[in-house]
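J.: Sequence and predicted structure below; questions after.
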Amino acid sequence: MKAIARTPSLWQLAVLALTAALPSGCVTTVAPHNPFAGVWSTAEHQEIAFRDNTVVVNQRDTPPTPMSAASCDGTFRFDYAQLNRAALLGLAPKQPDLRRTLAALLVRAAYPVAELACGEGGSTYVLLDDRDLVAIHRDRDIAGVERLSRL
């Protein structure tokens with residue numbers, strides 16, 4: 001059987017030429033920037049660092065502790081998300097003073113968040129801007145707020 005040679009169409013040649021002309025940087029994919037990445041500190045100089053799948057806690061005079069199922073009595077979940085203001089204010093339903101504090105801090109419609117569930121409690125880290133973060137810690141029905149700054 002005789003092989004039939006096919007000549008490329010004009011369209012195929014144009015696509016090939018454009019692909020070859022692209023710089024190599026245009027062809028590769030780049031992972032999205034994590035705005036939480038880096039080390040954050042409280043006023044008491046306790047530090048946390050965000051990784052892709054966990055938070056590392058570094059309290060004074062103790063080694064850094066990556067949060068995990070082992071450090072959270074078997075219950076651990078960590079996700080990045082976007083939450084609206086109403087959902088964030090709803091994290092402290094039975095604490096009007098805390099809701100007022102959050103309402104004063106959270107003035108935009110939505111925020112990027114990192115949500116951590118550990119044991120029976122959890123924390124929602126709200127990115128206010130490039131340098132400021134607020135942590136809303138919850139343990140059952142009790143919540144508290146902590147401010148952090150990027151180091």
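T.: Looks like it arrived, so ask away.

J.: Give me the nearest residue to Gly121, chain neighbours excluded.
T.: Excluding the flanking residues, the one nearest Gly121 by CB to CB, 6 or more residues apart in numbering is Asp139, at 4.0 Å. Using the backbone N, CA and C atoms, a C-beta is placed for each residue, glycine as well.

J.: and the one you found, bridged to which residues?
T.: In this entry, Asp139 is beta-bridged to Gly121, Ile142, by DSSP bridges.

J.: repeat for Asp79
T.: On the basis of DSSP bridges, Asp79 is bridged to Glu115.

J.: can you count the residues close to it?
T.: 10 (other CB atoms under 10 Å).

J.: What of the one 4 residues further on?
T.: Burial of Leu83, expressed as a neighbour count using other CB under 10 Å, amounts to 17.

J.: Return the list of helices and strands in contact with the helix or strand harbouring it.
T.: Using DSSP states H and E, Leu83 sits in strand 76-84. For strand 76-84, the packing partners by 3 or more CB pairs under 8 Å, 6 or more residues apart in numbering; DSSP states H and E come out as strand 110-118.

J.: can you rerun that using 10 Å?
T.: For strand 76-84, the elements it packs on are strand 110-118, strand 121-127, judged by 3 or more CB pairs under 10 Å, 6 or more residues apart in numbering; DSSP states H and E.

J.: Can you point out the buried residues in the helix or strand just after that strand?
T.: Moving toward the C-terminus from strand 76-84, the next helix or strand (DSSP H and E) is helix 85-89. For helix 85-89, burial by neighbour count (16 or more other CB atoms under 10 Å) applies to 85, 88-89.

J.: Out of these, which comes closest to Leu105?
T.: Leu105 has its nearest neighbour among those in Leu88, at 9.2 Å by CB to CB.

J.: which among the buried residues of helix 85-89 gets closest to Phe76?
T.: Among the buried residues of helix 85-89, and counting by CB to CB, the member closest to Phe76 is Leu88, at 21.7 Å.

J.: For Gly144, see how far away that closest one is.
T.: Separation of Leu88 from Gly144 (CB to CB, to the nearest Å): 14 Å.

J.: low pLDDT regions in this protein?
T.: For the chain, residues meeting the criterion pLDDT under 70 lie at 1-32.

J.: OK, contacts around the spatially most central residue of it?
T.: The chain has Tyr80 as the residue nearest its centroid, 3.8 Å off, counting by CA atoms, centre = their mean. Counting by CB atoms under 10 Å, 6 or more residues apart in numbering, Tyr80 touches 34-36, 50, 52-53, 112-115, 125, 127.
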